[in-house]
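1. Give me the fold of what follows.
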Amino acid sequence: MKIKLHHVNVCSKDVPGLADFYRDVLDLKPEPGLSQNRILDKDGYPGKVAFLSDGETQFHLAEKDYGISFRTGQAVNPVLNGHIAFRTDDIAAFKKRLTEKGIPFSDFGAWAMKGWAQIFFYDPEGNVIEVHEVQE
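-> Residues are numbered from 1 along each chain as shown. Model prediction:
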C-alpha cells in the first residue's frame, strides 16, 4: 500500500480572496480539471472551492461549512478548519490499518469528488487527516 501527500485543504469564509492571496504571494497556479469532478448535490459539498498547485502539491481552498457533520451524519467535518490529505492505492487496506490500531474514522465514500473514496480521521492533536483512493 502506497501513501503520498496529495493536498492541503485550507478553509475560509472568503475563498476568492484567499485564492488571490495564494496566487499573488506564493505564485500558486490554478489546478485544471478538478472543478468538473465536484459532487455538488445535497449529498456532496456545495461550498465554494479553489484548486491551486505549486506544481507538485495541490492546495484546496474550501468555504467553511459548519453543517457538514449534521447533513452527512459523519463525526468528522473536513471543511471546518481544513485538513491534510494523502492519496493511497488501497483504501481498504488503509481502513483495516486504522481499525487494527483502534483509530475511528468517518467513511465519506465518493462525497466531494467523483471517483475519490475518502475517509477522514483525527491525529492525536485533533488535526483532520484525509486519506483517499481514486476509483475511476
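2. Does residue 80 touch residue 66 like I think?
-> Yes - assessed by CB atoms under 8 Å, residue 80 is found in contact with residue 66 at 6.5 Å. For every residue, glycine as well, the C-beta is placed using N, CA and C.
3. for the protein, what helix or strand is lowest in average pLDDT?
-> helix 68-72 (a mean of 88; mean pLDDT, DSSP states H and E).
4. What is the subsequent helix or strand relative to whichever strand in the chain runs longest?
-> Longest strand of the chain, by residue count under DSSP state E: strand 3-12. Using DSSP states H and E, the helix or strand that follows strand 3-12 in sequence is helix 15-26.
5. which residues does residue 82 contact?
-> Each residue near residue 82 by CB atoms under 8 Å, 6 or more residues apart in numbering is listed here: 8-11, 62, 128.
6. how far away is it from residue 121?
-> Per CB to CB, to the nearest Å, residue 82 is found 14 Å from residue 121.
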